[in-house]
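In: Any chance you can model this:
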Amino acid sequence: MVDARIVQTTKALHTAIVELASEKAVSTITVADVTRRAGINRATFYSHATSPGSLLTDVLTPELDAIRTDDLALRETGAVSGAEATRRGLERVVDHVVRYRDLYRLALPDQLDASTHRALAQHFEKSSVVHLESLPEGSRPEGLSVHIAAGFFAHALVGAIAAWLGGKRTSRKALLDTILAMTPTWWE
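Out: Reported below is the predicted structural model:
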């Protein structure tokens, strides 16, 4: 059984880092900022995380992992086409980005702390590798390197998100439609 104090402390830390990262760049957030906002001490912080950036990654990653897990499960059922599964998965990614819009708007272009950018790219890369390796034999283009294709797609997706957040105000639908339009048909 998990100690209720640990659960409460973890929740306070997660709330604090999301609030702070929605207000200012991750590179400017100090451990003191997080501990003050969460109402804990430094030793407790370091028993949960190594830095504000790593704490933020710990908050965002489980939701993204759940999207990947649900996508794989949906594809395994065969209940929808590959194209529809891709659309649903990407729509959930866009919803995640919209939910944390202020945070990502500050964190993705942060030149002094790339932890959020890196975590998002690594998540998409892992998801892409899993997806590409699960495609039926012969459905990938000949000569395609799974590792290179996954890296390309992952960084393109992070780039699209960063461009959407930093550019002229457009709808979440515009982001989703653009990502889907740029996704190759064989990907599905």
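In: show me where this protein has helices.
Out: 4-23, 31-38, 42-48, 52-77, 82-99, 101-107, 115-134, 146-166, 172-182 (DSSP state H).
In: Alpha carbons of the fifth one, as PDB, please.
Out: The reference is to helix 82-99. The C-alpha coordinates for helix 82-99 follow below in PDB (Å, rounded to 0.1, in the frame of the first residue of the first chain):
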ATOM      1  CA  GLY A  82      -5.400   2.200 -39.600                       C
ATOM      2  CA  ALA A  83      -6.200   5.700 -40.800                       C
ATOM      3  CA  GLU A  84      -8.900   6.100 -38.200                       C
ATOM      4  CA  ALA A  85      -6.600   4.800 -35.500                       C
ATOM      5  CA  THR A  86      -3.900   7.200 -36.500                       C
ATOM      6  CA  ARG A  87      -6.400  10.100 -36.500                       C
ATOM      7  CA  ARG A  88      -7.700   9.200 -33.000                       C
ATOM      8  CA  GLY A  89      -4.200   8.800 -31.600                       C
ATOM      9  CA  LEU A  90      -3.000  12.100 -33.100                       C
ATOM     10  CA  GLU A  91      -6.200  13.800 -31.900                       C
ATOM     11  CA  ARG A  92      -5.500  12.700 -28.300                       C
ATOM     12  CA  VAL A  93      -1.900  14.100 -28.700                       C
ATOM     13  CA  VAL A  94      -3.300  17.400 -29.900                       C
ATOM     14  CA  ASP A  95      -5.800  17.400 -26.900                       C
ATOM     15  CA  HIS A  96      -2.800  16.800 -24.600                       C
ATOM     16  CA  VAL A  97      -0.900  19.700 -26.100                       C
ATOM     17  CA  VAL A  98      -4.000  22.000 -25.900                       C
ATOM     18  CA  ARG A  99      -4.500  21.000 -22.200                       C
END
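In: follow-up on the earlier one: for the helices of the chain, state which one has the densest average packing.
Out: Highest mean neighbour count of the helices of the chain: helix 101-107, a mean of 20 (counted as mean count of other Cβ atoms under 10 Å). (Each C-beta comes from the backbone N, C-alpha and C, glycine too.)
In: which helices and strands sit right next to it?
Out: Here helix 101-107 touches helix 4-23, helix 115-134, helix 146-166, going by 3 or more Cβ pairs under 8 Å, 6 or more residues apart in numbering; DSSP states H and E.
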